[in-house]
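>>> Structure of the sequence below:
(2 chains)
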Amino acid sequence: MKTPSLVIVSAVRTPFSRAGTDLAHLDAVELGRHAVSSLLTRTGIDPMLVDETIFGCVGQPADAMNIARVVALRAGLPESKPAMTVHRNCASGLEAITLAHAKMCAGQGEVFVVGGTESMSNMPFYFSRPAVEKFTAMSRARDFKGRAKAALHFRPADFAPVIGIKLGLTDPVSSLNMGQTAEVLAREFGITRDMQDAFAMRSHLRATQANHLLNQEIAPVLGKHIITTDNGIRADSSLEKLAKLKPLFDTVTGSVTAGNSSQITDGAVALLVATEEAAAAHNWKPLGRLVSYSATGCDPARMGLGPVRALDAALHRSGWKLNDADVFEINEAFAAQVLAVMKCLADPASARRAGLEGPLGEVDPAKINACGGAIALGHPVGATGARLVLTALNQLHATDSRRAVVSLCVGGGQGMAACLEAL
Amino acid sequence: MKTKLFNLDYFKAMKTNFLNRPSVIHDPPHVLENIVLGDPIPAKHFRLDVDHDGIAWLVFDTLKSSANIWNEETLREFNHHLEAVEHDTRVKALVLKSAKERIFVAGADIKLIRNLPHVRVNDLIWLGQAVFDRLARLRVPKIAAIHGACMGGGFEVALACDWRIASDHPSTKIGLPETQLGILPAWGGSTRLPRLIGIRKALDLIAGGKLLNAEAAKRAGLVSHVVAAENLDTLARRLARVRRPHLRFRFENLFSWFIGRTAKRKVLEKTRGLYPSVTKAVDVVSHAVHGDIDNGLLLEREAVAELIKSREASRLIDLFFKREEANKRPAATGTAIPIHDAVVIGAGVMGSGIAHTLASRGVRVLMTDVTNDSLARGLERIHGLVSEATRRRLVTRVKGRDTLDRISTTPVPVPLNRHHLVIEAATETMELKKKIFADLAGRVANDTILATNTSALSVAELARTVPNPERVIGLHFFNPVHRMPLVEVITLPETSPDVLATAITFVQKLGKTPVVVKDSPGFLVNRILIPYLMEAVRLHDSGIPVNDIDEAMLKFGMPMGPMRLLDEIGLDVAAHVAKSLAHAFPDRFPHTDALDRLVAAGHFGKKTGQGFYRYKDGREILPDVHYDLPRHESIQTNLALLISQEAMRCLKEGIARSADDIDLAMVLGTGYPPFRGGPITFARDTGIIDY
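Purely as a prediction, here's the structure:
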């Protein structure tokens, strides 16, 4: 039997907004619902055709544990169609697409709604374990006296919240937070503060230029304020401004700042994917095809190098050479990390350090993140993977080119990449 | 209680004195004449089972009917079973329940009451009171297990029980709506309810005639527990073993005289004494709360005997049936298809209102408009409606959220091939609507129903712009959509029966009343209303102060005077509609250019702060009221006559299908006083028009 091939029929996303700003009032469910409901509206398809919904979400809200199911039902997909949530940290949105392909290959469905959603504004605060024990003791007390007695055990420190997003962005194995892993790469691959800032500025300016193209991806969020565009992009970004920022993670000698890191952002992406046969049967005009994909592992302390081996594996499976691709979307978790990846692709010594036998080639920098990346648009972790696919396909159509490669580094020491082809 | 109910002596005794029950025999009630003591009655409508725990399960299951209703036959049989329970020493408790899926007891058989001679009605009231009283005096604990509609007489039987428990099913609705029909609860409801929940809440419920869902009923104290329908029996079994509850002492009931007087004053202010049933109900409730139950029952009987004779009650009851029928009757021909997805074009006040109503009834709506701005404003309006409804506890937070989730929007054209209904609610200009229809025709399936919400434009002209005009129909919603119960369904000669059937069923599913109207200028309601409004303007122009005109019509029973109504509609809109109608029916309408003068001066009514009245911050600044009663009467006659005349013309021209439809449309669409039955009934009743 021929392996079914996955085509992307349609894709749409919410605007990406810096956490705590325009979309802070919508939780991850609302964002996902908006994306999926807009997708259904734009395509006009009968929801009964959708076999399953697969969504990526990293910080799954406590009140919507299988968030994909909640999103699917609230967006109007039928109760009879199942839904599942996937988690591969920053690559969750891409994983949703590739899992749909795996399911197609296993004969478990032909049409899927996939995507990712993340509301980093709504990441919870927790209580520490000792505080939780004290609360439990208090609730177990039988009478008022018992409760009062239990209450006396509390200390001010018990009320200091544990910040969920801080925990989420720290790798428990290497116990480094993501910014610290970027510092490791900057040190080891000799990536200076100036190089990082220049890359960050480029991201903002590219995104500013590509604003029109990016806005085409967006289903505006209507409310008291109409939100039609991403709000993280700084058209006035300059080296001087970026140079003024203090390093965040290594405050004395470090080089990774808030300006050359990805932004903490709210947003959701939804895609309609189908087997090529199903799309033809329904007379849908697909945007592109998923040619190959791969997920690989690496050192958690150097998680930023993840894309290197993932790209190698994905390209190998598609039979493409590195420079066969016209569009590269490499997620900008940190400027230092993207620059390190590029160095590993081109430079033999660095390539070997990243686990390759030899370099894959030099990529024309103009091809990489031509519409800007997460440094300008933001990185709603669960959704970014799906956004890269959407943006890559859009660029292919806008520039009338054929091949695209998307890749992300993944917290915890992984990389994921996919090759796409315009149709 | 040893006395047999149908021992005539007891019954007749009740009439004179409930307390002493002397065996005085006179005026035997007619219904009871042929009842012989111990007369065997076959178990037709009830099943009585006594289980091994000594619980008697009395199940109401009216033969050959979907609803349980109290009439002479069911009451008598119920009494028979009560007697059996009285004599059965095994019985430790009685549980009353219904075998119907969605109805506990729907109340008294109003249809029967409507057609009975008054003296027989009085007998039926007696019978009900006596049977329920017998139930109340039963020595064992009585439990009413309520699942489904429990209204009027249905709730009164529950009130005679010791426990009332309800299922949390949405079909469970509890209340005493009698005053809405021009009568009052007279089978013990007006007496027992204030004793149970206190006089203030009882007055609200009885005078308002509102039905409560299970949760609200529990909050109000009507029922003690709310559980899943499947668990009602288990709970009843448990309650059968515990001590029966005592009525709580209601401190406020000591001040019944004062509370009753205040309530009555408020009612009179609101109804202008036009609804005697409400006033009477307040009287009865505030007097029946003290002393013996029998005293209250006597008051109830006296009051209802008087009310039932009134024309108002007959008209309200008639209207109730007309509306019930219009709400349920499917189209005579054609097959209705269910609509799950609809498109609403236009996010203005009407468009967003329609989208909200559809979504709140489970329809998924795609609302379109030309810009994101107008869509956002429409969505904000819908948000406002939903949060208002949530705040007033009309819907739960989750239901409100679901309503919003069902609405999606787009400012750009998207494929519409899976939608079966499109409702156009764009700005009222023919050119624009034609453009929309022509564009739609290319984007939807051939059999998609194309509906327009126009209030004045010709549906036929629109239909000419599309292929397959048999699928074009008018769905004229009224503003504000979520409150107005009427939808005019406007048909063309070529409209297919299936399309009409679908439209009617769809409107009914929205909880609105459809009235089928032929396509003609102004359709039905606006056409009848405009001559009345123009005559009011003419009267004003001839020197009668606005508030005198309004006052006169408020006294007639209109919810709002014509001048205020014009200000609300907007004088520019009114002038526009009036002109197009005058054009269609030349030399028929009262002529005046007062409206044009005001419009020319920029006074558009409430929205500009100046119309016939002056407004500040949206509030009206009241000029002095001149009370001139004879003048009010002549204004009333003049204006009411105009309404009835135009209604008669519509009937003769066949604009609506029947006089009933016209009456219903005017009451629901304009608030024409329901106790007058509608303009055509009013004309017949008063003989103001010879026809």
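
>>> Helix or strand: which one has B:Val131?
B:Val131 is located in helix B:118-137, with elements delineated by DSSP states H and E.

>>> From A:Leu185, how far out is A:Ser175?
Here the distance between A:Ser175 and A:Leu185 works out to 17 Å (CB to CB, to the nearest Å). No exception for glycine: its C-beta is placed from N, CA and C like everyone else's.

>>> wouldn't B:Pro546 be in contact with B:Phe612 here?
Just so we're on the same page, residue B:546 is Val rather than Pro. Yes - the pair B:Val546 / B:Phe612 is scored as a contact, 4.6 Å apart, by CB atoms under 8 Å.

>>> list residues touching both of these two?
Contact criterion CB atoms under 8 Å, 6 or more residues apart in numbering or on different chains; residues shared by B:Val546 and B:Phe612: B:540, B:563.

>>> Please say which of the two ends up with more neighbours.
B:Phe612 (27 against 21; other CB atoms under 10 Å in any protein chain shown).

>>> give me every residue that touches whichever residue of the stretch 201-350 of chain B sits closest to chain A.
Going by CB to the nearest CB, chain A is nearest to B:Asp341 of the stretch 201-350 of chain B, at 9.0 Å. Contacts for B:Asp341 (CB under 8 Å, 6+ apart) come out as B:363-366, B:418-421.

>>> for A:Ser294, same thing?
Applying CB under 8 Å, 6+ apart to A:Ser294 gives the contacts A:310, A:313-314, A:317, A:416-418.

>>> Now do the domain split for chain B, please.
With domains defined by automatic domain parsing, chain B comprises B:8-309, B:337-518, B:525-655.

>>> Check whichever residue of chain A sits closest to chain B and give its pLDDT.
In chain A, the residue that lies nearest chain B is A:Gly44 (3.0 Å; CB to the nearest CB). pLDDT for A:Gly44: 93.

>>> The closest residue to it other than its chain neighbours: neighbouring residues, count only.
Distances taken as CB to CB, 6 or more residues apart in numbering or on different chains place B:Pro415 nearest to A:Gly44, at 3.0 Å, with adjacent residues excluded. By other CB under 10 Å, 13 other residues sit near B:Pro415.

>>> My read is that B:Pro415 contacts A:Asp46, right?
No - using CB under 8 Å as the test, B:Pro415 is too far from A:Asp46 to be in contact (10.6 Å).

>>> what sits against A:Ser237?
Contacts of A:Ser237 (CB under 8 Å, 6+ apart): A:200-201, A:204-205, A:376.

>>> Kindly apply the preceding question to A:Met342 instead.
If you count contacts by CB under 8 Å, 6+ apart, A:Met342 has them with A:363, A:365, A:368.

>>> same deal with B:Leu232?
By CB under 8 Å, 6+ apart, the residues touching B:Leu232 are B:97, B:145, B:147, B:165, B:167.

>>> secondary structure element for it?
Going by DSSP H and E, B:Leu232 is part of helix B:232-241.

>>> Now do the buried residues in that helix.
Using 16 or more other CB atoms under 10 Å in any protein chain shown as the test for burial, helix B:232-241 gives B:232, B:235-237, B:239-240.

>>> From the chain's centre, how far out is that helix? Work that out for me.
Distance of helix B:232-241 from the chain centroid (CA atoms, centre = their mean, to the nearest Å) equals 34 Å.

>>> could you give me the average pLDDT of it?
For helix B:232-241, the mean per-residue pLDDT is 94.

>>> Looks like B:Leu205 contacts B:Arg219 (just checking).
No - if you go by CB under 8 Å, B:Leu205 and B:Arg219 don't touch, sitting 11.9 Å apart.

>>> So which of the contacts of B:Asp341 reach chain A?
When those are filtered against chain A using CB under 8 Å from any CB of the partner chain, the residues retained are B:364, B:366, B:418.

>>> What distance do you get for the last one to A:Pro82?
As defined by CB to CB, B:Arg418 lies at a distance of 22 Å from A:Pro82.

>>> on that earlier part again, do you know the pLDDT at the residue nearest to A:Gly44?
So B:Pro415 comes in at 92 (pLDDT).

>>> who's in contact with it?
Counting by CB under 8 Å, 6+ apart, B:Pro415 touches A:43-44, B:443.

>>> Check B:Asp318 too.
Applying CB under 8 Å, 6+ apart to B:Asp318 gives the contacts B:114, B:677, B:681.

>>> One more: B:Tyr275?
The contact partners of B:Tyr275, by CB under 8 Å, 6+ apart, come to B:179, B:182, B:267, B:312, B:675.

>>> So which of the residues you listed belong to helices?
B:267, B:312 (DSSP state H).

>>> so is B:Met666 in a helix, a strand, or just coil?
The assignment at B:Met666 comes out as helix when based on DSSP: H, G, I helix; E, B strand; the rest coil.

>>> per-residue pLDDT, the closest residue in space to it that isn't next to it in sequence?
Closest residue to B:Met666 apart from its sequence neighbours, by CB to CB, 6+ apart: B:Tyr672 at 4.1 Å. In this prediction, B:Tyr672 carries a pLDDT score of 94.

>>> Columns distance to B:Val304, neighbour count and pLDDT on top of the ones next to chain A among the contacts of B:Asp341, output as a markdown table?
Converted to a markdown table, those look like this (distance: CB to CB, whole Å; neighbours: other CB atoms under 10 Å in any protein chain shown; pLDDT from 0 to 100):
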| residue | distance to B:Val304 | neighbour count | pLDDT |
| --- | --- | --- | --- |
| B:Arg364 | 47 | 20 | 96 |
| B:Leu366 | 51 | 23 | 97 |
| B:Arg418 | 54 | 16 | 88 |
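
>>> Can you show me the strands along the stretch 151-300 of chain B?
Along the stretch 151-300 of chain B, the segments classed as strands by DSSP state E, counting those that start in this stretch run B:163-167, B:173-175, B:211-213, B:225-227.

>>> Check chain A too.
In chain A, the strands defined using DSSP state E lie at A:6-13, A:17-18, A:52-56, A:83-86, A:111-119, A:125-126, A:162-163, A:170-171, A:176-177, A:265-275, A:288-297, A:327-330, A:403-410, A:414-422.
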